[in-house]
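[1] Sharing a model prediction with you, sequence too.
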Amino acid sequence: MSERYDSIRPGRVWLDTDGKRIQAHGGSVLFEDGTFYWYGENKEHTKPGSDIWTWGIRCYSSTDLYNWEDRGLIIPPVFDDPASPLYPSQFIDRPHIVRHPRTGKYVCWLKIMGKDGGQRSTVLTADSVLGPYTIVRTGLRPLGMDAGDFDLVVDPVDGKAYYYFERVHSELICADLTDDCTDVTGYYSTHFPHRHPPAVREAPAYFRRDGRHYLITSGTSGYFPNRSEVAVADTYHGPYTVLGDPHPSDTSGTSFRSQVSSVFQHPTRPDLYIAVADRWLPHLSAEESDQTEAFHRYFAEQARGGTGASLPPQEFDTSVADYVWLPLRFDGDVPVIEWYDEWRIDDIPGPDAGS
């Protein structure tokens, strides 16, 4: 059995109640009937040379956010069909699950990076957050675009759903979802255009506070961390105003050597928001982690049609990636993420204001 935790310790190895590393990368947290569910990419077999990218989607449950019970693979890998989007060597990233406000069905979207260079979406549905999930769409190019990192949002009042995604190596898109949350309607808006990575914004993490809409995004530099950016708008479709780096005390410019995957609001402390982030390369120092200049050189050379620059190596052991969970505080309307070696839910000050 694992030790029992009474706090969150960012950047340190986090074990489940069976004493095994938690495998919920690129993850998010849902709260339902007094229980938190943390789900994400299962990287337990993603070793260099293994040809395994993601071994299904795993989920954990907790009542205190500190101690997590493994609830198994809610979306298991498919072994007998290499063309399946769930085959272990397919590049499956960043699951996001929403509960349909009227039907109660759970809708999960997956990003699938094709080996042909294209990026597609697979959509699944289930009657329980723990599955089983059934594929209802695959090979989806929303709006005819290659869709990269993303987040899903359901409005708490009218139940309308939105899909924020990176139009690969270009800009961020906010698209309206259909009534069943399994496709896009065709209405969308564009945000944060950039000519090429690493400036292009990816990993959008949406949250809402006091009626305003926030997005935390990262730059595009593979598993190497970079400087985050937060923006705010009065509507889902913006326009968004960039507020700057939400990690202002991190002088390394690497978001505390992590990448935010989602932000969730605590159900009983409404002004407590928690940024869920991955430290993909825990063995690298802050100086070694910051490879954004190498990416700038690579993509600038590519834009000129040259081949002289090369990307840093990307073959890493992500099975030992760690997590960086940190609370947000607010300077007025500006979110700020500060470092804590250890913190507890009840220790975080702030008004219990609704959002």
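    Now that the structure is in, tell me what you want to look at.
[2] these two touch, right, residue 207 and residue 272?
    No: taking contacts as C-beta atoms under 8 Å, residue 207 lies outside contact range of residue 272: 11.4 Å. The way it works is simple: take the backbone N, C-alpha and C, and place the C-beta from them, glycine included.
[3] Neighbour count: the two, which is higher?
    More neighbours sit around residue 207 than around the other of residue 207 and residue 272, counting by other C-beta atoms under 10 Å; the figures are 22 against 19.
[4] low pLDDT regions in the stretch 1-150 of the chain?
    1-2 (pLDDT under 70).
[5] try 90 this time
    Along the stretch 1-150 of the chain, the parts satisfying pLDDT under 90 run over 1-3, 48-51, 114-118.
[6] and the most centrally placed residue in the chain, what pLDDT?
    Residue closest to the mean C-alpha point of the chain, counted by C-alpha atoms, centre = their mean, is residue 261 at 2.5 Å. Turning to residue 261, the model gives it a pLDDT of 98.
[7] Likewise for residue 292?
    pLDDT recorded at residue 292 is 67.
[8] so who does the closest residue in space to residue 111 that isn't next to it in sequence touch?
    Excluding the flanking residues, the one nearest residue 111 by C-beta to C-beta, 6 or more residues apart in numbering is residue 93, at 4.4 Å. For residue 93, the contact set (C-beta atoms under 8 Å, 6 or more residues apart in numbering) comprises 26, 41, 54, 110, 111, 112, 113, 149.
[9] Bridge partners for the closest residue to residue 115 other than its chain neighbours, pull those for me.
    Using C-beta to C-beta, 6+ apart and skipping the chain neighbours, the partner closest in space to residue 115 is residue 91 (7.4 Å). Counting by DSSP bridges, residue 91 is bridged to residue 113.
[10] Now for residue 91, how many residues are close by?
    Counted by other C-beta under 10 Å, the residues lying close to residue 91 total 13.
[11] Check the gap between it and residue 118 for me.
    Residue 91 sits at a distance of 11 Å from residue 118 (criterion: C-beta to C-beta, to the nearest Å).
[12] Please enumerate the helices of the stretch 251-355 of the chain.
    With DSSP state H, counting those that start in this stretch applied, the stretch 251-355 of the chain shows helices at 286-289, 292-303, listed in chain order.
[13] lowest-confidence stretch among those?
    helix 292-303 (a mean of 64).
[14] quick one, strands of the stretch 251-355 of the chain?
    Using DSSP state E, counting those that start in this stretch, the strands of the stretch 251-355 of the chain run over 259-265, 273-279, 322-331, 334-337.
[15] Go through these and name the closest to residue 221.
    Using C-beta to C-beta as the measure, strand 259-265 is the one of the strands of the stretch 251-355 of the chain that comes nearest residue 221, at 9.3 Å.
[16] ok, and what's touching the closest one?
    Outside of strand 259-265, the residues within contact range by C-beta under 8 Å, 6+ apart are 25-29, 31, 40, 94, 96, 151, 203, 205-209, 214, 216, 218, 225, 228, 272-278, 280, 328, 355.
[17] need the contact list for the nearest residue to residue 182 once chain neighbours are set aside.
    Counting by C-beta to C-beta, 6+ apart, residue 123 is the residue found nearest to residue 182 once chain neighbours are left out, at 4.8 Å. For residue 123, the set of contacting residues under the criterion of C-beta under 8 Å, 6+ apart consists of 107, 108, 109, 110, 135, 136, 137, 138, 140, 182, 183.
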